[in-house]
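Q: Output the structure for:
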Amino acid sequence: MLKTIYLLLCILGTVLPYSQFLPFLLEHGLDIPLFIEQLFANRISGFFGMDVIVSSLVLWVLVFWEGTRLKMANLWIYIAANLLVGVSLGLPLFLFMRQQQLEQQTETVGY
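A: Here you go, the predicted structure:
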C-alpha cells in the first residue's frame, strides 16, 4: 500500500509542476535568467523558491546517507529526478525505492 502511495505521489509530483513549467518553456524556451527572475519576482515566490532549494539539498543528503546505508544502487537517479522535475518527484521516487529495498532485505533475513 505504501509503495502505491509513493508511486501516485511520483505521478502527481511530475504532472503538477510540469503543468506550470511546460507553458513557460513553450513561450520562452529555456531562458534561465528569466526563469530565475520570475522565481524571485516577489517575496512570496522567493519564499517558495528558497524552500525548494533547501528541500532539494536535504533530499540529496538523505539520498546519499540513507541510500549508502541501505546499499541502494544508482543513487544518482534520485538527484537527476530532483533536478529535472523537483523534490516532488525525487523524494517519493527515493522513498518508493527505499521501501522496496527494505522489503527485499526483510525477505533475505527471513522475517
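
Q: ok, and Asn74, which helix or strand is that part of?
A: In the assignment (DSSP states H and E), Asn74 maps to no helix and no strand.

Q: Please give me every residue in contact with the spatially most central residue of the chain.
A: Of all residues in the chain, the one closest to the mean position by CA atoms, centre = their mean is Gly90, 2.0 Å from it. By CB atoms under 8 Å, 6 or more residues apart in numbering, the residues touching Gly90 are 56, 59, 63, 78-79, 81-82. C-beta coordinates here come from the backbone N, C-alpha and C atoms, glycine included.

Q: go on, Leu16?
A: Counting by CB under 8 Å, 6+ apart, Leu16 has contacts Ser88.

Q: Kindly recompute the last result at 10 Å.
A: 85-86, 88 (CB atoms under 10 Å, 6 or more residues apart in numbering).

Q: cool, Phe64 as well?
A: By CB under 10 Å, 6+ apart, the neighbours of Phe64 are 72, 75-76, 78-79.

Q: how near is Arg43 to Glu103?
A: 44 Å (CB to CB, to the nearest Å).
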